[in-house]
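Enquirer: From the sequence below, what's the structure:
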Amino acid sequence: MLKYVKRVDLMKKTKSILSIFIAIVLSFICLFSSFDNTVILAQSGVLEAHFLDVGQGDCAIISMPDGKTMIVDAGDNKNSVKDKILDYIDTNFPKLEYFDFAIVTHTDADHCGGMTTVLQEYPAKTVYRPNVIATRSGFIDPVIAISQDDAVLDDNLKLWTETGAGVNDNQKDTLAYKNFIAQAYEPFLIDGENHTPQVIVSDGRIKHRPKNKSSQDIIGEDYSIIFYSPLSYTYSDPNDYSNIFILEYQGFEFFFSGDAEAQAEQEFAEEYSDYDFDIDVFKLGHHGSRTSSSQELIELVTKQSKRDKIRCVISCGEGNSYKHPHQEALDRFISLGFLEENLLRTDQLGDIVFEVKADSRGNYSLYCNGQKISDDDFWQKLFLDIQEFFVSFYNETPQGVYLSIAIIIIFIIIATALIIKSRQNKNTKK
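Expert: Purely as a prediction, here's the structure:
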């Protein structure tokens, strides 16, 4: 009876080992049968969102899947900040000659201060500017003449008020803002031909948009940038002029809100309460200030079930005098289910880079600083990593297919030897 039990136990273990062995072999057969498709899938577009460490300020550079580029704010006017941005572009975007889009979210110097220098080196075909007139002494904002010119039919190029296109009383008298505005309208050369930038005055109204005013959204072949704010033509707090927009690609959503404060956030939450947002990367408003990123806003744009997976970006300077990010803001996120390790700060981590790209099987995933953000369990992730390794090896190495086959054969031999050894040990014990 004892021998029979041992024999049954041996048979079960042997079958278990054989099952694993067969599963592994079949997996690799499937892997190689998919090689013909992976070459095409590897050519799919990649979305990149770079959040630069510019101290106490904001700067993000976005590379679209179709190769178009956007810069969102450019820190302040310090030489160290401007040099940082230009060096970063030179290193990470060596072929860049100009941006397709540039956004200055609002008039504060820590957002627009460095943009003048950036646009001098890398002009932008389309610039988004605040609905605020630059009034520095001796300077006449070009938007005033444009707003008064009936021959200009595109109202997106004009200042706007509650009643429509027209000059308003919103003003900002700083050198940083004046220099940005002046540079934004400067013509530049593209392939030897003169190009005049299209300078759009930001207007995020969707539901109550004037019928003769086209959308300012950017729609690519398989990505989109949708503007939701500003919703009012004037604000008492300059921070509330900030653009609130969502970048989406392959189901992954990035939330931007500049320095938007209470009024702008409340308007957004009320206006879009019936929208189904599902943010994956949340950039905290106003450098993590306690007065931004309200609970109402967070609960509207994020799903409770996945908050432990959402990455949050905080752009702030080390030891800044404002003490950003405020602990109250951090505690708010943690109390709502976000993980502390997913609150990513530029003052601690430096530059933070996200990618949305396809793996060898054509499935898109989100990556942060090169690490995949995955919902896969351990064994599934292990298998996918092994599969990805062989696919990459096959595609990128001329002799990769032969080396891959050799590795699999060695693996099969080792697995077979382990099975035989296991059976011999069991027979010896009998």
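Enquirer: May I have the residues that are in contact with residue 266?
Expert: The contact partners of residue 266, by C-beta atoms under 8 Å, 6 or more residues apart in numbering, come to 294, 296. C-beta here means a position set from N, CA and C on the backbone, and glycine is covered the same way.
Enquirer: Just name the shakiest helix or strand of this structure by mean pLDDT.
Expert: Of all the helices and strands that make up the chain, the one with the lowest confidence by mean pLDDT, DSSP states H and E is helix 35-41; it has a mean of 33.
Enquirer: After it, which helix or strand is next?
Expert: strand 47-51 (DSSP states H and E).
Enquirer: now that following strand: how far from the chain's centre is it?
Expert: When C-alpha coordinates are averaged (C-alpha atoms, centre = their mean, to the nearest Å), strand 47-51 and its chain have centres 5 Å apart.
Enquirer: How about residues contacting it?
Expert: Looking at what lies outside strand 47-51 - C-beta under 8 Å, 6+ apart - the contacts are 59-65, 88, 92, 223, 247, 249-250, 252, 254, 281, 283, 313, 315, 346, 351-357.
Enquirer: Just the mean pLDDT for it, thanks.
Expert: Looking at strand 47-51 alone, the average pLDDT works out to 98.
Enquirer: swap in stretch 320-332?
Expert: Computed over stretch 320-332, the mean pLDDT rounds to 98.
Enquirer: Name the residues of it that come out as buried.
Expert: Within stretch 320-332, the residues that qualify as buried by neighbour count (16 or more other C-beta atoms under 10 Å) are 324-326, 329-330, 332.
Enquirer: With stretch 254-270 instead?
Expert: Buried-residue list, stretch 254-270, by 16+ other C-beta under 10 Å: 254-261, 263-269.
Enquirer: And stretch 331-348, by the same measure?
Expert: For stretch 331-348, using 16+ other C-beta under 10 Å, the buried residues are 332-333, 338, 342-347.
Enquirer: From residue 164, how far off is the residue nearest to residue 272 when sequence neighbours are not counted?
Expert: With sequence-adjacent residues excluded and distances taken as C-beta to C-beta, 6 or more residues apart in numbering, residue 272 is closest to residue 228, at 6.2 Å. Spatial separation of residue 228 from residue 164 under the definition C-beta to C-beta, to the nearest Å is 20 Å.
Enquirer: what do you get for residue 277?
Expert: Distance check for residue 277 against residue 164: by C-beta to C-beta, it reads 29 Å.
Enquirer: could you dump the helix or strand hosting residue 334 to PDB, C-alpha only?
Expert: Taking DSSP H and E as the definition, one finds residue 334 inside helix 327-335. Once side chains and other backbone atoms are set aside, the C-alpha atoms of helix 327-335 remain, and they are given as PDB (Å, rounded to 0.1, in the frame of the first residue of the first chain):
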ATOM      1  CA  GLN A 327       1.400  68.300   2.900                       C
ATOM      2  CA  GLU A 328      -2.400  69.000   2.900                       C
ATOM      3  CA  ALA A 329      -2.500  68.400  -0.800                       C
ATOM      4  CA  LEU A 330      -0.400  65.200  -0.500                       C
ATOM      5  CA  ASP A 331      -2.600  63.900   2.300                       C
ATOM      6  CA  ARG A 332      -5.700  64.600   0.200                       C
ATOM      7  CA  PHE A 333      -4.500  62.300  -2.600                       C
ATOM      8  CA  ILE A 334      -3.500  59.500  -0.200                       C
ATOM      9  CA  SER A 335      -6.800  59.700   1.600                       C
END
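Enquirer: rewinding a little: tell me which of the buried residues of stretch 331-348 is nearest to residue 99?
Expert: Taking C-beta to C-beta as the measure, residue 99 lies nearest residue 346 of the buried residues of stretch 331-348, at 20.9 Å.
Enquirer: check contacts around the closest one.
Expert: In this structure, residue 346 makes contact with 51-54, 313-316, 352, judged by C-beta under 8 Å, 6+ apart.
Enquirer: Let me know the closest of those residues to residue 170.
Expert: For residue 170, the nearest member of the contacts of residue 346 is residue 315. The distance, counting by C-beta to C-beta, is 25.2 Å.
Enquirer: Could you verify my assumption that that closest one touches residue 58?
Expert: Yes - here residue 315 reaches residue 58: they are 5.0 Å apart, a contact under C-beta atoms under 8 Å.
Enquirer: Please identify every residue contacting each of those two.
Expert: By C-beta under 8 Å, 6+ apart, the residues touching both residue 315 and residue 58 are residue 287.
Enquirer: Hmm, residue 372 is touching residue 365, no?
Expert: Yes - with contact defined as C-beta under 8 Å, residue 372 and residue 365 form a contacting pair (5.4 Å).
Enquirer: pLDDT below threshold where in the protein?
Expert: Low-confidence segments of the chain (pLDDT under 70): 1-44, 375-404, 422-430.
Enquirer: For the most centrally placed residue in it, which non-adjacent residue is spatially closest?
Expert: The structure's the chain has its C-alpha centroid closest to residue 49; by C-alpha atoms, centre = their mean the separation is 3.8 Å. For residue 49, ignoring the flanking residues on the chain, the nearest one in space by C-beta to C-beta, 6+ apart is residue 354 at 4.5 Å.
Enquirer: okay, now the domains of the chain?
Expert: The record, using automatic domain parsing to delimit domains, assigns the chain the ranges 19-42+379-429, 47-359.
Enquirer: just to revisit the earlier point, let's see which of the buried residues of stretch 254-270 end up in strands.
Expert: Where the buried residues of stretch 254-270 overlap with strands, as defined by DSSP state E, the overlap consists of 254-256.
Enquirer: I'd like these laid out as TSV, including distance to residue 241.
Expert: Converted to TSV, these look like this (distance: C-beta to C-beta, whole Å):
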residue	distance to residue 241
254	20
255	18
256	14
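Enquirer: Which of those sits closest to residue 304?
Expert: Using C-beta to C-beta, these come closest to residue 304 at residue 255, 15.7 Å.
Enquirer: helices or strands up against the helix holding residue 334?
Expert: Counting by 3 or more C-beta pairs under 8 Å, 6 or more residues apart in numbering; DSSP states H and E, the packing neighbours recorded for helix 327-335 are helix 295-301, strand 343-345.
Enquirer: will you turn the ones you listed into CSV that also has distance to residue 238?
Expert: Shown next, in CSV, are the helices and strands packed on helix 327-335 (distance: least, C-beta to C-beta, whole Å):
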stretch, distance to residue 238
helix 295-301, 19
strand 343-345, 24
